[in-house]
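**Student:** Build me a structure from this.
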Amino acid sequence: MQKALITILGTIGMKKYDGTLKDKAIYNTTDGLSYEHYNTFALLIEKYSQEYKIIPFFTEYAKRVNKEILEFHKQNDEKFANLDIETLFDDKYFIEDENDFEAVFASINKEVSSQEYDKIIVDVSHGFRHLPILATIDVVIENFKDADKIEQILFAKEVIKEKKYEIIDLKDYLDIANIAFILSAFNRNYTVANHIESKKFPDLIKALQDFSDDMMALNIVNLFKKTAPNLIAELEKIDPQTAPAIAKQSQDLKNNINSILRYYKAEGYRKYYGLGRILFAKNYMLLALAIIYEGIRLYVASEFEKKYPEFYNTVRQNERENIYDICNFFRDFLRQDYKQLNLVYRDPSNFDSNQKINLKESLKKGKKQYIIQEKKFNEIKASFKNKDAIERLSEEMRKSRNELVHVGNASFEEVKKNYQRFFR
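**Tutor:** Numbers count the residues shown, from 1 in each chain. Have a look, this model is predicted:
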């Protein structure tokens, strides 16, 4: 793969108005070296042409001015003795009409995004009015696609008019532009592209990706205990004084994440409902329905914990603290009749021989026995006066979730309106 240096030629020549030669200007480069040249283009050729293909975009006048300088160097400077000037000014880099923005942008973009080059330096020091701006915009776009491809964005900062310049690298600002876009987008959808990288904010990118992974996987425990607090910590490292361009996006996202964290101390099912509403507002309808459905089961389990704590704790131990299995048990408890109840919770006096063997095996495996008489079983079920409503809602949510998984032909707005009733 090749490396390329792309520049837009300016019209600074080597002669004064009276035709005599100007003094060369001093150029201090990013690596601490110093050069003397009539303009930036000659400097770029001397410094980078051995390693990079030089791609100059030029108008007719800019070509004439710069060609004169290069011919002078070719005759008077051995470093330019082998320079092929005609090949350098390839017609495909010619800007016929600098006011044809779309054509100019397309030409620049073709080279910047070319798969022929794996590394690119872009010089935006010169060029007529809007041309460096177009080049910069294209670099910003390319940087979103491949952050490693753009090595430097060079700009000749004038220190002493026409006498001394400092070559500075604007790549850091490109990184900030990336982060500004990422934070704004993340605030709306909680996702970040996996290929996104940032040399200036690598820990922030990692925190965003970790939070997104947990949210999209509904890994609620890790979200609340680890990834959300970690993301807040990284956002707080952004100093408004040193990074004012992303201070607002950072604060907005921090407020958003804090609005999620406020559910941390809420009861389990309220936590799930709160997250469900947030996800539904972000148009993640399947995730929202899934977590609300789990919230219903969690509500049933939490009610058992309040009303029958000893029974609840036995079930919790028997299900090895697995919240999914615990919730399933108590949801099924309200649906079952006594004979469907797990053997360790039933009166064994009427068990047949197979049931006795199965009970013995369960106890050997560490299950604890907690006998509930049939009368007590019916009293417990009767104490849940809303169990029929819970069952209807649970079934409706389950069907809605399954329907959403399958391909349909309804519009997005129709689908969202249909499920709005669950999130009021």
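
**Student:** from what I can see Tyr269 touches Ile292, true?
**Tutor:** No: using C-beta atoms under 8 Å, Tyr269 is not in contact with Ile292, being 9.3 Å away. All C-beta spots, glycine's among them, are computed from the backbone N, C-alpha and C.

**Student:** of the two, who's got more company?
**Tutor:** Each of Tyr269 and Ile292 has its neighbours counted (other C-beta atoms under 10 Å); Ile292 has more, 24 against 20.

**Student:** need the contact list for the more buried one.
**Tutor:** Ile292 sits next to Tyr272, Tyr273, Gly276, Met397, Phe422, Phe423 when contact means C-beta atoms under 8 Å, 6 or more residues apart in numbering.

**Student:** Show me the shaky parts of the stretch 51-200 of the chain.
**Tutor:** The model of the stretch 51-200 of the chain has pLDDT under 70 over residues 127-147, 195.

**Student:** Going along the chain, name the helices of it.
**Tutor:** Applying DSSP state H, counting those that start in this stretch to the stretch 51-200 of the chain gives helices spanning 60-76, 85-88, 101-112, 131-145, 171-189.

**Student:** can you list those helices in JSON lines and add distance to Ala42?
**Tutor:** Formatted as JSON lines, the helices of the stretch 51-200 of the chain follow (distance: least, C-beta to C-beta, whole Å):
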{"stretch": "helix 60-76", "distance to Ala42": "6"}
{"stretch": "helix 85-88", "distance to Ala42": "11"}
{"stretch": "helix 101-112", "distance to Ala42": "21"}
{"stretch": "helix 131-145", "distance to Ala42": "18"}
{"stretch": "helix 171-189", "distance to Ala42": "23"}
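
**Student:** Show me the one of the ones you listed that comes nearest Ala25.
**Tutor:** helix 60-76 (12.1 Å; C-beta to C-beta).

**Student:** can you give me how far that closest one is from the chain middle?
**Tutor:** With C-alpha atoms, centre = their mean, to the nearest Å as the basis, helix 60-76 stands 46 Å off its chain's centre.

**Student:** Contacts for that helix, please.
**Tutor:** Contacts of helix 60-76 with the rest of the structure, by C-beta under 8 Å, 6+ apart, involve 9-14, 38-39, 41-42, 45, 56, 58, 79-81, 83, 85, 88-89, 94, 127-128.

**Student:** rerun at 7 Å
**Tutor:** 9-11, 13-14, 38-39, 41-42, 58, 80-81, 83, 85, 89 (C-beta atoms under 7 Å, 6 or more residues apart in numbering).

**Student:** before we move on, the earlier item: what about the contacts of Ile292, which are in helices?
**Tutor:** Among the contacts of Ile292, the residues falling in helices (DSSP state H) are Tyr272, Tyr273, Gly276, Met397.

**Student:** What subset of these is buried?
**Tutor:** Buried members of the ones in helices among the contacts of Ile292, counted by 16 or more other C-beta atoms under 10 Å: Tyr272, Tyr273, Gly276, Met397.

**Student:** Adding distance to Lys376 and pLDDT, write the residues you listed out as TSV.
**Tutor:** Output for these, formatted as TSV (distance: C-beta to C-beta, whole Å; pLDDT from 0 to 100):
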residue	distance to Lys376	pLDDT
Tyr272	30	91
Tyr273	31	91
Gly276	34	92
Met397	30	83
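
**Student:** Check the protein for its longest helix and report it.
**Tutor:** Longest helix in the chain, counting by DSSP H: helix 285-307.

**Student:** which helices and strands does the helix or strand just after it pack with?
**Tutor:** Next in sequence after helix 285-307, counting helices and strands by DSSP states H and E, comes helix 309-318. Helix 309-318 sits against helix 285-307, helix 323-335, with contacts defined as 3 or more C-beta pairs under 7 Å, 6 or more residues apart in numbering; DSSP states H and E.
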